[in-house]
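Participant: what would the 3D arrangement of this be:
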Amino acid sequence: MSNDLAAVWEVALSDGVHRIEFEHGTTTGKRIIYVDGKEVLRRDWMFKLVGKETFNVGQSDTKATINIDAVSGFAYEYTLEVNGKSLKQYMENRSKVTSTWLINLDGTDCRIVLEKDTMDVWCNGEKIETAGEFVDDGTETHFTLGDHTCCVKAVSSGKRRDGIIHTLLVDGTEIAECME
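Facilitator: Coordinates of the predicted model:
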């Protein structure tokens, strides 16, 4: 990478946390976007220094756009949009539609993500095979990680505002949810 690095963002998706780096050569008009260290877009000799660049992130090809705006003189502001929302709005919405847990199993760090709308479970970027069942107080989504039995329990909070509470159990032990 050159010394034209203008902005860096971290975006948490179901398949992992992705690092987005943007190089903007304001004298050459160069624009380069890297996702997780891999170049995904390059434009050389752009005469228009402002504008936007759209690209995909992650296994689900989530749409991302970098907006380049002139602030004053030769100063620029760079903002990232994910799925048409500002990064802040996207992350706030994401916390409503996913639950994330971080756990160390047998010496390996695991990032487990539940997509609440589909009940899909991801671990370290891989979609996990699950089996769902209805139980007296809600649902249970069962899966295994190595030799460990895991279960996501979904039960009503009893309060309309709080909705459904999702809890991860690994070998019968409750794991605290983390906020990304």
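Participant: residue ranges with poor pLDDT in this protein?
Facilitator: 1-2 (pLDDT under 70).
Participant: hmm, what's the outermost residue in the protein?
Facilitator: Among residues of the chain, the one most distant from the C-alpha centroid is Gly73; the distance is 34.2 Å, by Cα atoms, centre = their mean.
Participant: let me see the domain layout of the protein.
Facilitator: Annotated domains of the chain cover 5-92, 95-175 [the TED database].
Participant: gap between the two ends of stretch 117-129?
Facilitator: One end of stretch 117-129 to the other measures 16 Å (Cα to Cα, to the nearest Å).
Participant: in it, what's buried?
Facilitator: 121-123, 128 (16 or more other Cβ atoms under 10 Å). To be clear about C-beta, it is placed using only N, CA and C from the backbone, and glycine gets the same treatment.
Participant: same question, stretch 84-96
Facilitator: Buried, per 16+ other Cβ under 10 Å, within stretch 84-96: 87, 90-91, 94.
Participant: what is the burial count for Ile83?
Facilitator: Let me fix one detail, which is that residue 83 is Asn and not Ile. Asn83 has 13 neighbouring residues, counting by other Cβ atoms under 10 Å.
Participant: that one contacts Ser60, correct?
Facilitator: No - using Cβ atoms under 8 Å, Asn83 is not in contact with Ser60; the gap is 10.2 Å.
Participant: determine the set of other helices and strands touching the lengthiest strand in the chain.
Facilitator: Longest strand in the chain, counting residues (DSSP state E): strand 62-72. Strand 62-72 sits against strand 5-13, strand 16-24, strand 51-57, strand 75-82, with contacts defined as 3 or more Cβ pairs under 8 Å, 6 or more residues apart in numbering; DSSP states H and E.
Participant: return the list of strands paired to that strand, each annotated with direction.
Facilitator: Here strand 62-72 is paired, per DSSP bridges, with strand 51-57 (antiparallel), strand 75-82 (antiparallel).
Participant: quick one: the helices in the protein?
Facilitator: Under the criterion DSSP state H, the chain contains helices at 87-97.
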